[in-house]
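**Q** My questions are about this predicted structure, shown below with the sequence.
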Amino acid sequence: MNFKQELAAILYELLNHELTMDELQLSIEKPKNDAHGDLAFPCFTLAKLKRKAPNLIAQELSERVQSPNFEKIEVVGAYINVFLNKKTVSEKMIADLFEQKETYGTLTIGNGGNVTIDMSSPNIAKPFSMGHLRSTVIGNALANIVEKAGYKPIKINHLGDWGTQFGKLIAAFKLWGDTEKIKQNPIKELLKLYIKFHEEAETNPELVDLGRNWFKELEDGNEEALSLWQWFRDESLKEFSKIYQLMHVDFDSFAGEAFYNDKMDRVVELLEEKHLLVESDQAQVVELHEEQLPPCLIKKSDGATLYATRDLAAAIYRKEHYDFDLSLYVVGHEQSLHFQQLKAVLEKMGYGWAKKMVHVPFGMMLKDGKKMSTRKGKVVLLEEVLKESISLAQQNIEEKNPNLVNKDEVANQVGVGAVIFHDLKNFRMNDIEFSMEDMLRFEGETGPYVQYTYARACSILRKGNWHPEDYSKNDHAAWDKEWKVISFLMEFPNAIKRACEQFDPSQVAKYVVNLAQAFNKYYAEVKILEESDEQQARLALVYSVTIVLKEGLRLLGLEAPEEM
């Protein structure tokens, strides 16, 4: 079904291999205007090679381009425009979808290789905020997309369960904590303590030293500090698991920062062996002059380790443990320098595989144009957003379809889907302004709109009492009115390929919106259920659309309810 490849192969032979297959495939475009056909090849590059006007080359080549899949060839200026044979191609497309079903669009790029995905990574003892939504849903969608492209994803929740903030929290608990209150509402009470610590520290700087000392005690294995830390961690994971279950996100590992505590000495020893550690202001650093980066801080003057030390240990552990082909870090763009330093240090250590580490950055979730801050208590809780979204979906169902059988299940699918899709439809590098109103809209480019389109298509199939085994390709003649939808169905593998290569789930999100819009336009113009010679073939098209919409939504982490 790859007609771009077919056209490239024909041109490759006609041009006596003057351009490579890759060069030709990259040159072939999809015209913006339907009137210019389905594929277009510009002949400007050939003008230099052949020393001839590009429009003349286009004319000469067009007369020799032939295939049963091509209906007609037209020349417009220097472009060869190819119109696909609607009947042949549509029937092939439908046959492929019937045979492949949800495996349609599967690629072999990954060749079974492992991809570790560092994602979500909330800080324990803090609420799961909207700020952590992005890493969670982008990481989860990328895991589904790379799996579809032939890799084996390994999802790692690199919990923020270590660092100076835990010294501060232990200090705050020792000063103001109430065990019973924390047992009743762990995250809320721990957050209150954390915020109070920072407020008090503004007028009492000695608190900062107290927090630092408690973290040192924690690093040195002090029993009281460790048992408080373990308690904070366990309670946090219980709270987080409720949110992950609601979003149907799971993980292969919860190895957070603390997991690497006993693996950092080895990193420091390796750096010393390779003479990479240098003393600077009583701290230990790796100089990165040649890489034009600031030095990477490995150990503070008091001997405490840092993010970089732990991330070096994590990278080495993941390579040894999972032997990854790719290692993705789905972390906000403000950490870009950290990941540049991390890769540079690993390469200096002689680890060539560091080139396979990819920082997948994303923009911020803003509230009123500003970054959300846990420290200042300015935070929107993800659980509250999900619950509000589900509640709005329930209201909608009560108003529009009160007799729906599984109302609560559908409200969950639609409410949670709305929140996930609102994030993923944006290119990941864009900042997103948090707006409950935009997130929960049930029309336009939203998750509920795509889910509703899927449910509508399922409803048409039920009303038509249609089953896949009823279809025979002799049921149709023209495929003219259906062509726009067929064209979009053909594009699905390309959308997956782009999303995988660019680590960008919005490619799939935009695709499913476009397919839903094309289908809804078709539904408005054509009486699908009307008795006619074309009815069976039209229902076959509707069935094909349900396959692709459901799979597209699945890749993004959304469910597809059959009734809404």
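**A** Yep, it's here.
**Q** nearest residue to residue 459 other than its sequence neighbours?
**A** Spatially, and ignoring its direct neighbours in sequence, residue 459 is nearest to residue 563 (7.1 Å; CB to CB, 6 or more residues apart in numbering). Where C-beta positions appear, they are placed from N, C-alpha and C, glycine not excepted.
**Q** Next, count neighbours for that neighbour.
**A** Neighbours of residue 563 under the rule other CB atoms under 10 Å: 15.
**Q** do the same with residue 24
**A** Residue 24 is flanked by 21 other residues according to other CB under 10 Å.
**Q** Who are the contact partners of it?
**A** With contact taken as CB atoms under 8 Å, 6 or more residues apart in numbering, residue 24 is in contact with 7-8, 11-12, 15, 41.
**Q** same thing but 7 Å
**A** Residues near residue 24 by CB atoms under 7 Å, 6 or more residues apart in numbering: 8, 11-12.
**Q** The residue nearest to residue 459 is in contact with residue 404, isn't it?
**A** Yes: Residue 563 is within contact range of residue 404, at 6.0 Å (criterion: CB atoms under 7 Å).
**Q** ok, the contacts of residue 24 vs residue 531, which is closest?
**A** Distance to residue 531, by CB to CB, is smallest for residue 8 among the contacts of residue 24, at 43.2 Å.
**Q** how near is that closest one to residue 39?
**A** Per CB to CB, to the nearest Å, residue 8 is found 10 Å from residue 39.
**Q** repeat for residue 294
**A** In terms of CB to CB, residue 294 sits 49 Å off from residue 39.
**Q** how close does the residue nearest to the spatial centre of the chain get to residue 330?
**A** Ranked by distance to the mean C-alpha position of the chain (CA atoms, centre = their mean), the top residue is residue 138 at 3.2 Å. According to CB to CB, residue 138 stands 5 Å off from residue 330.
**Q** quick revisit: please tell me how far the residue nearest to residue 459 sits from residue 550.
**A** In terms of CB to CB, residue 563 sits 14 Å off from residue 550.
**Q** Low-confidence ranges, the stretch 351-500 of the chain, go.
**A** Applying pLDDT under 70 to the stretch 351-500 of the chain picks out residues 372-380, 440, 442, 473-477.
**Q** the helices in it, which residues?
**A** Here the stretch 351-500 of the chain has its helices, by DSSP state H, counting those that start in this stretch, at 382-400, 407-424, 436-439, 447-463, 483-501.
**Q** List just the one of those that sits closest to residue 349.
**A** Minimum separation from residue 349 across the helices of the stretch 351-500 of the chain (CB to CB) falls at helix 483-501, 28.4 Å.
**Q** Which strands and helices lie in contact with the closest one?
**A** Under the contact criterion of 3 or more CB pairs under 7 Å, 6 or more residues apart in numbering; DSSP states H and E, helix 483-501 touches helix 86-100, helix 133-148, helix 506-525, helix 535-556.
**Q** how about 10 Å then?
**A** When contacts are defined as 3 or more CB pairs under 10 Å, 6 or more residues apart in numbering; DSSP states H and E, helix 483-501 packs onto helix 3-14, strand 79-84, helix 86-100, helix 133-148, helix 506-525, helix 535-556.
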